[in-house]
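# Pasting the sequence and the predicted coordinates here, then a few questions.
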Amino acid sequence: MDASTEKLVIMPTFNERENIEQMVRKVMSITEHFDLLIIDDNSPDGTADIVKSMQSEFAQRLHIVERAGKLGLGTAYITGFKWALEHGYRFVFEMDADFSHNPDDLIRLYEACRDGADLAIGSRYIKGVNVVNWPMGRVLMSYFASKYVRMVTGMRIMDTTAGFKCYRDNVLRAINFDKIQMTGYGFQIEMKFTAWKLGFNVVEIPIIFTDRKLGSSKMSGGIFGEALWGVMRMKLKSILKPMRKVHAK
């Protein structure tokens, strides 16, 4: 694989008809070359059909995996990770489809990993609170959730629930996906914790997070509850069955 096709953005979708065409075109227009893999969970609004209608325009760069239904954010990303590794990508990104993550920031995440990071996180909280258009209650919930995770796990990551990230392929190859248990937003915490415990170099890059303007949020109380209790279980498991570092800092 040459340098122009070494970077893959994984983007799970469910009912993103209002955003997906504009998002695809934006990612494809970035000066740095990124390929894009959509993992669609059988969106009834026709999201997958829009993506497939654009594949001929962006041949060899725009890909899609369609799943039978809503199977969880975590399993969507794991499906994408396995696809990325099978196809030889060196830098693998997680990104939302609703423009809450600025596609231009992909370049900054890539540069961080190219220059030595194993996992680069687009952080809302590394320089204050950089969140736009969220109600204060949600900002506080997210901020203190990250603080709670830091307290329980010992990680020094400010934005532990962030979903905008770049992994080097060696990180993904070192993680046993079968042992990742959380499937909702807790998945984001568990992947960071696993990479950190394995000894990989994790850095945070400041970003501005802007809440979606079109479509509806997929956040729910059940997702938050999974993360709350899942972090406790994850920490206990790491004490009872410590992970051996595979990467010396």
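Here it is on my side, so go on. What you are looking at is a predicted structure, and each value in this text was computed from that prediction instead of being measured.

# any idea which helix or strand comes after the helix or strand bottoming out on mean pLDDT in the chain?
Between all helices and strands in the chain, the lowest mean by mean pLDDT, DSSP states H and E belongs to strand 131-132, at a mean of 68. Following strand 131-132 in sequence order, the next helix or strand is helix 136-153 (DSSP states H and E).

# Would you mind identifying the next helix or strand past that following helix?
Taking DSSP H and E as the definition, the helix or strand right after helix 136-153 is strand 165-168.

# Give the pairing partners of that next one; include direction for each.
Paired strands of strand 165-168, with direction, are strand 91-94 (antiparallel), strand 119-123 (antiparallel) (DSSP bridges).

# At which residues are the helices of the protein located?
Under the criterion DSSP state H, the chain carries helices at the ranges 20-29, 47-54, 73-86, 106-114, 136-153, 169-174, 186-197, 221-240.

# Lowest average pLDDT across these?
Summarising mean pLDDT across those, the least confident stretch is helix 221-240, with a mean of 75.

# Mean neighbour count, the helices of the chain: which tops it?
Highest mean neighbour count of the helices of the chain: helix 186-197, a mean of 23 (counted as mean count of other C-beta atoms under 10 Å). Heads up, the C-betas are built off the backbone N, CA and C, glycines and all.

# hang on, the earlier thing: Pro135: which of the strands paired with strand 165-168 is closest?
Comparing the strands paired with strand 165-168 by their distance to Pro135 (C-beta to C-beta), the top pick is strand 119-123, with 20.6 Å.

# For that closest one, output the C-alpha coordinates as PDB.
Extracted as PDB, the C-alpha positions of strand 119-123 are listed here (Å, rounded to 0.1, in the frame of the first residue of the first chain):
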ATOM      1  CA  LEU A 119      -3.000   6.700  19.700                       C
ATOM      2  CA  ALA A 120      -4.000  10.300  19.200                       C
ATOM      3  CA  ILE A 121      -7.300  11.600  20.800                       C
ATOM      4  CA  GLY A 122      -9.200  14.600  19.600                       C
ATOM      5  CA  SER A 123      -9.800  16.100  23.100                       C
END
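
# Any idea what the most centrally placed residue in the chain is bridged to?
With distances taken as C-alpha atoms, centre = their mean, the chain has Glu94 as the residue nearest its mean C-alpha position (3.1 Å). Applying DSSP bridges to Glu94 yields these beta-bridge partners: Ile10, Lys165.
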